[in-house]
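S.K.: Give me coordinates for this.
(2 chains)
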Amino acid sequence: MATKLPPVDVVLVGFGWTASILGQELTDAGLQVLALERGSFRDTVPDFATTQIQDELRYAVRNELFEEPERETLTFRNSADQTALPMRHLGSFKPAAGAGGAGVHWNGQNWRFLPTDFMMRSHTEQRYGKRFIPEDMTIQDWGVTYDELEPFYDRFEYLCGISGQAGNLNGAIHDGGNPFEGPRKRAFPLPPLARSYGTVLFDKAAKEAGYKPFPCPAANTSKPYKNIYGVQMGECTYCGFCEWFGCGNYSKSSPQTTVFPVLLEKDNFELRTHMSVTKVLLDSSGKRATGVIYVDPQGREFEQPADLVILTAFAQHNVHLLLLSGIGKPYDPTSGQGVVGRNYAYQITSSVDVFLNEIVNPFMGAGALGQAIDEFNGDNFDHGPQKFVGGGYIALWTTGGRPILQHHLPKDAPKWGSGWKKAMADNYLRTVSIATHGSVMSYRDAYLDLDPTYRDEYGNPLLRLTFDFHDNEHRMSDFLTDKAAGIAKAMKARDIHVKQRKGHYTIVPYQTTHNTGGAIMGTDPRTSVVNRYLQSWDVPNLFVVGSCAFPQNAGYNPTGTVGALAYWAANAIRTQYLKKQGPLVSA
Amino acid sequence: MSFVPSRRRLLKAALVPSAATVVPLRFVPSAAAESVAAPGQFPFFTAVEFTFVEAAVARLIPNDELGPGAKEAGVATFIDRQLAGPYGRAATWYMRGPWRDGTKEQGYQLRLTPAQLYRTAIADVDAWCSNQKQRPFAEQDAAAQDTLLHGLESGDVKLARAPAKDFFQMLLQNTVEGFLADPLYGGNRGFAGWKLIGFPGPRYNYVAEIQQYGKRYKMPTVGLLGRDGSRTRES
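M.R.: Below you'll find the model as predicted:
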């Protein structure tokens, strides 16, 4: 029997980026906020100290900062005619566990989506006609526009101290920035990072090919920065240990370096770590959440009553919790009816390794130190002749040169023996890699539901993922990869290795942690789980925040949009919901 | 709600140090190996197993004109320590049944932990070698060892119990890890791996150098425990 605890105004499930933002904004509004986090507390000191954090084996290979499948995983299959099996260790994606969430271990690649990305179906139909979209592709408009989100993108960027070069200021295109980006009201808070040699070589080759390369927007601070809450960050030192690590230098934006120093001091905020939420409780009407059930490390159950419940866990964990709690109609791929678990999407990546004669010192870098072109993202080009939907950016990132996972070898290099050794010696200092980062559309047969067989440590069914790449995505990715190879050849390489993404999606090699969908936002309760303010259609005092709200995935890293949506939802709660509790949009 | 806490979490809850929760690792009886194992000599391997791994990693990354190989860099010690720790016992992996063969897209579905896979496969390989060549792997010449390793890699060599390809991939992965991880874990001794490729170690600040395009970085190699690449940390 669960022990019933004193009520709070707001309970946040998970304590990463979105919870930190909502916690900060809702405590500012005077509410009593409690965050429940399944993992440990972590902070710059002592957990990310530079004397220990630059350890590739411990963090990047043995996955110390991430979720442990032993405690939480999912089952996976490519198609509904297969039997899903558990993801027994991490591979294709790496969700976090612990305070700060994946905001601790990300690279800091911080983008805005394009205005047309938010109108994916209506824009595509308008430009290319209804028949251009395959019948089984279930893409939708978001229910929110770029212009509406712009102030909230801005707020997240000024929270983080993003380093970058504006390409579109109030509609005026500026040289050196991304000319394809949506209009921004003001410049980035910080100038771009110092250029690494690899990005200089890419920039030159891309310009020669007629493209407009620009420095990627980075949540690595190019200068000291004081953010919107008065929190001070330091200047990046280009140590090359961002992704999979915490930053010991206060120069990668994370909840720890941008929000914690203010939020954790507040009397009306409380964080409880090592607490796993297993269910959202509803009243007898099924239309009001009364709180959550959570389990402590001793296995004791607690009932935490709250007036407002906000799911702020990793995308698929939010969906899992909705399914375990019986909130919203689960999606049925046979009938196409139901919404929870619908429109799961991912991203499709590829790369072209470039072997140069010159030394490029790959170990000097930063997680978001890159140069990109955006000519082939979103609808920045005519899709008519290509006959696919979507796109992506092409970038040369110099995130670091950690030797175990970040060495690149020519295609014909032996896998072991003296030949491998020689290839390592010849290439490590002289290799860069161009990445393509492509969108994945949503489809009728790509979804999340509960597994019938496998269970977690609490006896609950694991989440089941059914997903594969479709022809549309392979064609788009091959198109991007060809363009990337063209730039690679223009870099005067002595050799290149084109690594297309072929075949079925596999859970094994790491690709990206940009999992989306399953609790999508929209304008119609028959095709979305939450309304345009991320409020549950079924349970109005429940909000679900994160990339689970994306109706399909775009060709950019998602964190900038996740941060903007968190501020957007917080603003709706503060300015509308608290005045008149109930649905913010009538169904 | 039915709540069934895992063994591991219950033990955590009772504040038992995780090292004490090790299930018996020597689950595969290996009479030959046990008879020559000196207790306490290695945290996981028997002497025979250690000899096998040292011989195998010496072929995967050989000692040659470019410098020390995996054996000289202490990679067998690295793997031994890794298998004795949380990695070896798959402490963070989901290891609940039912167990089924999956597609290759579904990834690792073996019931064996890494430590168990090594123990089983080493015994299998040595049994195969003794059958075919009348001597264990470590006593064969380099050419014969390479032929066998290629056979494991391709799956052409079939072992009695362990899946050969899975074992080979794990061995190769762990060998590269040991050669290129910080020396504190017992491998990459004397920064052998890092010096081969030109990685200067976990240095903290390249503000002065990042825009010196095309120039070789000159500072000495450093590890988390300093410039002495022979220092390791007891596991």
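S.K.: Looking at chain B, which helix is longest?
M.R.: Across chain B, the helix with the greatest residue count (assigned by DSSP state H) is helix B:114-133.
S.K.: what's downstream of it, the next helix or strand?
M.R.: helix B:142-154 (DSSP states H and E).
S.K.: wait, what's in contact with A:Glu375?
M.R.: By CB atoms under 8 Å, 6 or more residues apart in numbering or on different chains, A:Glu375 lies in contact with A:180, A:211-212, A:381, A:483. Quick note: C-beta positions are derived from backbone N, CA and C, even for glycine.
S.K.: now A:Ile434
M.R.: A:202, A:351-354, A:394-396, A:484, A:487-488.
S.K.: wait, A:Pro224 sits on A:Asn249?
M.R.: No: with contact defined as CB atoms under 8 Å, A:Pro224 does not count as touching A:Asn249 (11.1 Å).
S.K.: Of the two, which one has the most company?
M.R.: Ranked by neighbour count (other CB atoms under 10 Å in any protein chain shown), A:Pro224 and A:Asn249 place A:Asn249 first, with 22 against 13.
S.K.: quick one, helices of chain B?
M.R.: Going by DSSP H, chain B shows helices at B:7-13, B:31-36, B:47-60, B:75-84, B:114-133, B:142-154, B:164-180, B:192-197.
S.K.: Packed most tightly, which of these would that be?
M.R.: helix B:75-84 (a mean of 26; mean count of other CB atoms under 10 Å in any protein chain shown).
S.K.: Not counting its own residues, what contacts that helix?
M.R.: With contact meaning CB under 8 Å, 6+ apart, helix B:75-84 is reached by B:25, B:42-45, B:50, B:53-54, B:57, B:61, B:70, B:88, B:114-115, B:118, B:171, B:174-175, B:177-179, B:181, B:185-188, B:232, B:235.
S.K.: Find the residues that touch each one of A:Pro224 and A:Asn249.
M.R.: Contacts common to A:Pro224 and A:Asn249, judged by CB under 8 Å, 6+ apart, are A:Gly234.
S.K.: Which residue, neighbours along the chain excluded, lies closest to the one residue in chain B that gets nearest to chain A?
M.R.: Closest contact between chain B and chain A, by CB to the nearest CB, is at B:Pro202 (3.3 Å). Nearest non-adjacent residue to B:Pro202, counting by CB to CB, 6 or more residues apart in numbering or on different chains: A:Gln54, 3.3 Å away.
S.K.: What of B:Leu149?
M.R.: B:Leu149 sits nearest to B:Arg59 (CB to CB, 6+ apart), 5.9 Å away.
S.K.: dump the residue contacts of that neighbour.
M.R.: With CB under 8 Å, 6+ apart, B:Arg59 has these contacts: A:416-417, B:142, B:145-146, B:149.
S.K.: Widest-spaced pair of those?
M.R.: Using CB to CB, the contacts of B:Arg59 span at most 13.0 Å, a distance reached by A:Trp416 and B:Ala142.
S.K.: Show me which residues of the stretch 51-200 of chain A sit near chain B.
M.R.: A:51-52, A:54-57, A:61-63, A:68-71, A:73, A:76-78, A:82-83, A:85-89, A:91, A:194-197, A:200 (CB under 8 Å from any CB of the partner chain).
S.K.: one more time with 6 Å, if that's ok
M.R.: A:54-55, A:57, A:68-70, A:73, A:76, A:78, A:85-86, A:88-89, A:91, A:194, A:196-197 (CB under 6 Å from any CB of the partner chain).
S.K.: picking up where we left off before, scan the contacts of A:Ile434 and report the most crowded one.
M.R.: Going by other CB under 10 Å, A:Ile394 tops these with 33 neighbours.
S.K.: Direction included, what does the host helix or strand of it pair up with?
M.R.: Using DSSP H and E, the secondary-structure element containing A:Ile394 is strand A:392-397. Note on strand A:392-397: by DSSP bridges, its sheet partners are strand A:370-373 (antiparallel), strand A:431-438 (antiparallel).
S.K.: Rounded mean pLDDT for the longest one, please.
M.R.: It stands for strand A:431-438. The pLDDT scores in strand A:431-438 average 98.
S.K.: Chain A: helices as residue ranges?
M.R.: A:17-28, A:44-47, A:50-53, A:120-128, A:146-160, A:197-208, A:255-258, A:260-263, A:315-325, A:418-427, A:471-490, A:559-572.
S.K.: And for the second one, what's in contact with it?
M.R.: The list of residues contacting helix A:44-47 from outside it, by CB atoms under 6 Å, 6 or more residues apart in numbering or on different chains, reads A:Gln256.
S.K.: Tell me which helix or strand in the chain has the weakest average pLDDT.
M.R.: Let's take chain A. Here the helix or strand of chain A ranked lowest by mean pLDDT, DSSP states H and E is helix A:50-53, holding a mean of 94.
S.K.: which residue ends up closest to the midpoint of chain B in space?
M.R.: B:Ile79 (3.3 Å; CA atoms, centre = their mean).
S.K.: Once you drop chain neighbours, what's closest to that one?
M.R.: In space, B:Ile79 is closest to B:Asn174, 5.1 Å off (CB to CB, 6+ apart).
S.K.: so what pLDDT did that neighbour get?
M.R.: pLDDT, B:Asn174: 98.
S.K.: And the contacts of stretch A:577-584?
M.R.: A:533, A:535, A:540, A:576.
S.K.: quick revisit: buried residues in the least confident helix or strand of chain A?
M.R.: A:50, A:53 (16 or more other CB atoms under 10 Å in any protein chain shown).
S.K.: now the strands: where do they sit in the stretch 101-250 of chain A?
M.R.: Remark: strands assigned in the stretch 101-250 of chain A by DSSP state E, counting those that start in this stretch are A:168-169, A:172-173, A:214-215, A:225-226, A:232-233.
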